[in-house]
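J.: Build me a model from this:
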Amino acid sequence: MLSRRLSPLLLAGALLALPAAAQKTKPAKTKAPAPTASPADKAAAMRTYVDALLAKMTLDEKIGQLNLLTIGFDVTGPMVSKNVDENIRKGLVGGVFNTYTPNATRKLQELATKQTRLGIPLILGYDVVHGHRTIFPAPLGLAASWDMAAVERSARVAAEESSADGLNWVYSPMVDIARDPRWGRVMEGAGEDPYLGALVAAATVRGYQGPDLSANNAVMACVKHFALYGAAEAGREYNTTDMSRVRMYNEYLAPYKAAVDAGAGSLMSSFNEIDGIPATANRWLLDDLLRKEWGFKGVVVTDYASINEIPTHGYAATEAEAARQALAAGSDMDMVGETFLHHLGAAVKSGQLSEAQVTEACRRILEAKYKLGLFQDAYRGVTPARAAATMLKPEFRASARDIARKTMVLLKNERQTLPLKKSGTIALVGPLANRQRDLIGPWSAAGDWKQAVSLEQGIKNVAGNGVKVIYAKGANVIDDPQLIERLNRDNGLLDLDPRPSEQLIAEAVKAAQQADVVVAAVGEAAGMSGEAASRSDIGLPGQQLELLKALKKTGKPLVVVLMNGRPLALPWEQANADAILETWLAGTEGGNAIADVLFGAYNPAGHLTMTFPQNVGQIPIYYNHKSTGRPYDSVAPDKYKSRYLDVVNEPLYPFGFGLSYTKFSYGKPQLSKASLRPGEGLDVTVTVQNTGSYDGEEVAQLYLRDVAASVTRPVKELKGYQKIMLRKGESRTLTFHLTPDDLKFYNHDLMLGAEPGEFRVFVGPNSRDVQELSFTLQN
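T.: Below is the predicted model:
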């Protein structure tokens with residue numbers, strides 16, 4: 001949902017002008033009891049409080065709690081809410097999103113708590129995806145750190161800032177498994193693997209919600225998009241999704257389940273259909289699976305106006321029918337569309353829905369507000385002074401810099417081109433070398449791009465006066481005026497250098513000829529990934545590849561610094577660049593963090609969580625695929641195999657891949673036993689040694705394959721990893737403990753269990769470069 005931002009001053013002025021006169025009827029509310037010691041007591045107190053409140057509510061007031069409207073700084077969808085203040089006074093609004101800052105949110109809460117009959121506070125949400133004011137790397141980059149403490153820390157900082165800015169609900173994490181990099185929203189998730197994705201989902205929820213959701217520095221997480229949204233056909237935004245339930249359970253649902261188990265307070269349903277039924281109206285998904293099978297007790301909110309779109313899917317004839325379908329299926333809150341507000345009352349009066357169904361949805365929303373402490377303090381201690389003391393604190397910026405360094409993946413480093421020396425002359429070229437806007441990426445919430453550190457500035461900060469930097473733009477990010485105009489409507493801030501591309505490239509070549517090394521900052525503009533940013537060609541856009549080819553001809557060492565929100569197709573770059581550093585969209589401290597890595601202040605340790613293809617024709621491509629009856633063998637190729645005529649099957653960079661300035665060697669892995677029985681454990685040990693010249697971190701990975709099962713299994717599945725620091729020359733023996741639980745999968749009847757037979761174990765630095773062992777699981 002790319003945004004068009006309105007002036008905070010204009011919004012605050014509008015809200016300050018709202019009438020202050022209260023209704024004559026005094027709000028009929030009582031103060032919520034203070035939190036009690038035991039979970040059972042807390043649940044009982046909440047139940048008592050909410051029951052008493054529901055007993056006072058009219059049907060219209062209950063329906064009003066199901067109504068989520070947008071007003072404020074960002075427009076993130078096709079509709080804009082109207083008459084919001086009037087509807088709040090009538091008790092017809094349960095929540096508002098896209099409004100933040102202490103003054104603006106206080107005005108909204110004052111309307112709800114002082115000028116309505118019951119004084120029920122609002123829940124206030126926003127798309128805080130990878131930071132609020134301090135922007136962290138895009139989530140795909142965060143996952144590439146393979147560091148759950150860092151992921152949790154980034155969410156904790158976001159919670160601190162957003163809660164101080166008047167928010168209590170964030171639409172994050174996005175946990176959709178994604179295997180098609182054409183889809184722009186891959187930048188918003190953790191990649192292609194359910195095991196790692198589940199860990200990231202849980203860590204993010206913990207970071208946002210903290211140990212106590214009622215604390216004034218906690219925010220309620222909203223897990224999205226439930227479900228399967230990352231499997232959109234052709235990688236095209238809002239497109240349909242279709243798969244078997246066996247595949248859902250084994251390959252796509254784990255991160256959502258992990259977020260629920262971590263205590264996520266809310267989920268957002270997805271735009272796509274599942275089994276021919278839109279997710280927002282899918283009773284099996286929202287009730288049978290989510291609530292009954294998984295035990296979810298929180299709120300389900302729709303995505304932006306998705307109920308209104310149900311007739312377009314062809315599942316309902318009218319919006320009124322769509323509203324009935326969505327509520328009956330388990331949707332609690334209607335985002336922006338106002339279909340519940342307009343149609344549920346009539347549906348209850350006609351007997352098409354029961355008031356009990358409305359009451360249950362309302363109960364879940366009121367319970368969320370209770371858990372957030374809103375009935376005790378609707379403002380949750382938000383003041384301008386607290387906000388000013390919280391935003392972009394030095395320690396937050398320090399965390400952003402440190403975490404950004406952890407996310408960067410060294411893809412190539414011939415002849416130890418990196419790290420760079422802090423002497424000599426660097427030609428810094430490329431359209432992203434000095435752009436701040438693109439570093440914070442899409443979904444950058446309330447982040448101010450002017451606060452971001454550009455790569456050019458970062459290099460000067462880190463390298464000091466001993467390095468001379470010659471800058472040349474070299475190319476536009478993109479050259480299509482229509483695309484530039486489209487992106488600029490969503491705050492892209494792109495300009496089109498009017499000079500011919502040949503002149504821009506010649507200027508860059510001249511700079512390179514005067515330098516000892518060339519650093520080329522290339523990739524995507526911020527708006528080229530994220531929502532509604534699917535791309536059919538995922539190579540470098542515009543004339544950027546032609547720029548690199550011209551720089552290569554100078555004979556100077558060529559370091560390619562990638563800034564992008566998705567895997568790119570980089571066959572020429574891999575074959576010709578001397579070094580390639582994937583930096584993603586690195587956030588507020590991006591330039592400093594990139595420079596830290598380039599000059600060796602930090603040894604890169606990121607590993608990919610999405611496969612990089614050779615070209616777009618290989619997509620979808622992912623490591624944990626199934627075997628066919630005729631699998632391709634690169635050693636003994638044959639015509640009648642599952643293969644391409646014009647490109648190898650293997651990716652350019654496999655899942656889990658990442659280099660370091662040092663070298664790591666793996667000894668031969670060992671199994672503690674050759675067979676495993678129910679109730680037993682088995683250890684896999686491997687010795688990893690740092691054989692290079694730098695201290696560094698390595699991510700040792702363990703994969704499994706179930707050789708023969710009642711449902712075919714992937715060729716590899718990640719089942720464990722350890723991220724370790726080794727000093728140069730140091731070695732360490734790692735132990736991975738396996739139990740029959742690690743061997744379980746969902747069979748054709750969707751029963752979870754492990755089946756006896758042969759299993760293969762793979763250990764190595766990525767999913768491709770592994771050593772193999774085998775053991776058997778006994779009955």
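J.: So for the strand or helix carrying V686, what gets flagged as buried?
T.: V686 belongs to strand 682-690 when assigned by DSSP states H and E. Neighbour-count burial for strand 682-690, counted by 16 or more other Cβ atoms under 10 Å, picks out L682, V684, T685, V686, V688, Q689, N690. In short, each C-beta sits where N, CA and C put it, glycine included.
J.: And stretch 146-162, by the same measure?
T.: Buried residues in stretch 146-162 (16+ other Cβ under 10 Å): 146-148, 150-162.
J.: Averaged pLDDT, that stretch. What do you get?
T.: Mean pLDDT, stretch 146-162: 98.
J.: Check stretch 278-285 too.
T.: 98.
J.: Next: stretch 711-727.
T.: Rounded mean pLDDT across stretch 711-727 is 98.
J.: First-to-last residue distance for it?
T.: End-to-end distance of stretch 711-727 (Cα to Cα, to the nearest Å): 44 Å.
J.: ok, E251 touching A178?
T.: No. Using Cβ atoms under 8 Å, E251 is not in contact with A178; the gap is 11.6 Å.
J.: between these two, which one's more packed in?
T.: Neighbour count, other Cβ atoms under 10 Å: between E251 and A178, A178 has more, with 30 against 24.
J.: Show the contacting residues for that one.
T.: R185, V186, G189, G191, E192, G230, A231, M610 (Cβ atoms under 8 Å, 6 or more residues apart in numbering).
J.: tell me the phi and psi of it?
T.: Phi and psi for A178, reported as degrees, to the nearest 10, are phi -130, psi 130.
J.: Just give the closest residue to it, not the sequence neighbours.
T.: Spatially, and ignoring its direct neighbours in sequence, A178 is nearest to G230 (3.6 Å; Cβ to Cβ, 6 or more residues apart in numbering).
J.: In a helix, the one you found, correct?
T.: Yes. Under DSSP: H, G, I helix; E, B strand; the rest coil, G230 sits within a helix.
J.: shaky segments in the protein?
T.: 1-37, 73-80 (pLDDT under 70).
J.: domain ranges for it?
T.: The chain is divided into the following domains under automatic domain parsing: 405-610, 664-777.
J.: closest to F226 out of those domains?
T.: domain 405-610 (16.2 Å; Cβ to Cβ).
J.: Any idea how far apart the tips of the closest one sit?
T.: 18 Å.
J.: if we can go back for a sec, looking at the contacts of A178, which is nearest S38?
T.: G189 (36.5 Å).
J.: right, and that closest one touches I177 too?
T.: Yes. Assessed by Cβ under 8 Å, G189 is found in contact with I177 at 7.4 Å.
J.: With neighbour numbers in mind, choose between these two.
T.: G189 (29 against 25).
J.: and that one, what does it touch?
T.: Counting by Cβ under 8 Å, 6+ apart, the residues that G189 touches are P139, L140, A143, P173, M174, V175, D176, I177, A178, G197, G230.
J.: Against T776, how distant is N434?
T.: 59 Å (Cβ to Cβ, to the nearest Å).
J.: same thing with K668?
T.: Where T776 is concerned, K668 sits at a distance of 20 Å (Cβ to Cβ).
J.: Between those two, point out the one with more neighbours.
T.: The residue with more neighbours, out of K668 and T776, is T776; 14 against 10, by other Cβ under 10 Å.
J.: Please name the nearest non-neighbouring residue to the more buried one.
T.: Using Cβ to Cβ, 6+ apart, the closest residue to T776 is S675 (4.7 Å).
J.: For F775, see how far away that neighbour is.
T.: 6 Å.
J.: With R291 instead?
T.: Taken as Cβ to Cβ, the span from R291 to F775 is 39 Å.
J.: swap in L743?
T.: L743 is 10 Å from F775, by Cβ to Cβ.
J.: Of those two, which one has the most company?
T.: Taking neighbours as other Cβ under 10 Å, L743 and F775 compare with L743 leading, 22 against 19.
J.: Pretty sure that one sits against L704.
T.: Yes. Here L743 reaches L704: they are 7.0 Å apart, a contact under Cβ under 8 Å.
J.: shared neighbours of the two, anything?
T.: Listed as contacting both L743 and L704 by Cβ under 8 Å, 6+ apart are F759.
J.: all helices in the stretch 1-150 of the chain, in order from the N-terminus.
T.: 8-16, 39-56, 59-65, 84-89, 102-114, 139-144, 148-164 (DSSP state H, counting those that start in this stretch).
J.: One more: the stretch 451-600 of the chain?
T.: With DSSP H, counting those that start in this stretch as the criterion, the stretch 451-600 of the chain has helices spanning 455-463, 481-488, 501-513, 544-552, 571-576, 590-598.
J.: to the chain's geometric centre, what's the distance from the longest one?
T.: Put plainly, it is helix 501-513. The chain centroid and the centroid of helix 501-513 are separated by 37 Å under Cα atoms, centre = their mean, to the nearest Å.
J.: relative to helix 544-552, how tilted is it?
T.: 40 degrees (axes from the mean of the first three to the mean of the last three Cα atoms, to 10 degrees).
J.: Give me the distance between the two termini of stretch 418-435.
T.: 23 Å.
J.: buried residues in that stretch?
T.: Neighbour count says stretch 418-435 has L418, P419, L420, I426, A427, L428, V429, G430, P431, L432, A433, R435 buried, by 16+ other Cβ under 10 Å.
J.: Next: stretch 325-345.
T.: Applying 16+ other Cβ under 10 Å to stretch 325-345 flags 325-341, 343-345 as buried.
J.: can you dump the C-alpha coordinates of that stretch into PDB?
T.: Provided in PDB are the C-alpha atoms of stretch 325-345 (Å, rounded to 0.1, in the frame of the first residue of the first chain):
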ATOM      1  CA  GLN A 325     -20.500 -13.800   4.400                       C
ATOM      2  CA  ALA A 326     -17.400 -12.100   5.900                       C
ATOM      3  CA  LEU A 327     -18.900 -11.800   9.400                       C
ATOM      4  CA  ALA A 328     -20.300 -15.300   9.400                       C
ATOM      5  CA  ALA A 329     -16.900 -16.600   8.300                       C
ATOM      6  CA  GLY A 330     -15.100 -15.000  11.200                       C
ATOM      7  CA  SER A 331     -14.000 -11.500  10.100                       C
ATOM      8  CA  ASP A 332     -14.300  -9.100  13.100                       C
ATOM      9  CA  MET A 333     -13.300  -5.700  11.700                       C
ATOM     10  CA  ASP A 334     -14.000  -4.200   8.300                       C
ATOM     11  CA  MET A 335     -11.100  -2.000   7.100                       C
ATOM     12  CA  VAL A 336     -12.400   1.100   5.400                       C
ATOM     13  CA  GLY A 337     -15.100  -0.500   3.400                       C
ATOM     14  CA  GLU A 338     -17.900   0.300   5.900                       C
ATOM     15  CA  THR A 339     -19.900  -2.700   4.700                       C
ATOM     16  CA  PHE A 340     -20.500  -4.000   8.200                       C
ATOM     17  CA  LEU A 341     -21.700  -0.500   9.200                       C
ATOM     18  CA  HIS A 342     -24.100  -0.200   6.300                       C
ATOM     19  CA  HIS A 343     -25.500  -3.800   6.100                       C
ATOM     20  CA  LEU A 344     -25.200  -5.800   9.300                       C
ATOM     21  CA  GLY A 345     -28.000  -4.100  11.100                       C
END
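J.: Please enumerate the shared neighbours of L743 and F775.
T.: The contact lists of L743 and F775 share F759, where a contact means Cβ under 8 Å, 6+ apart.
J.: Many thanks, have a good one.
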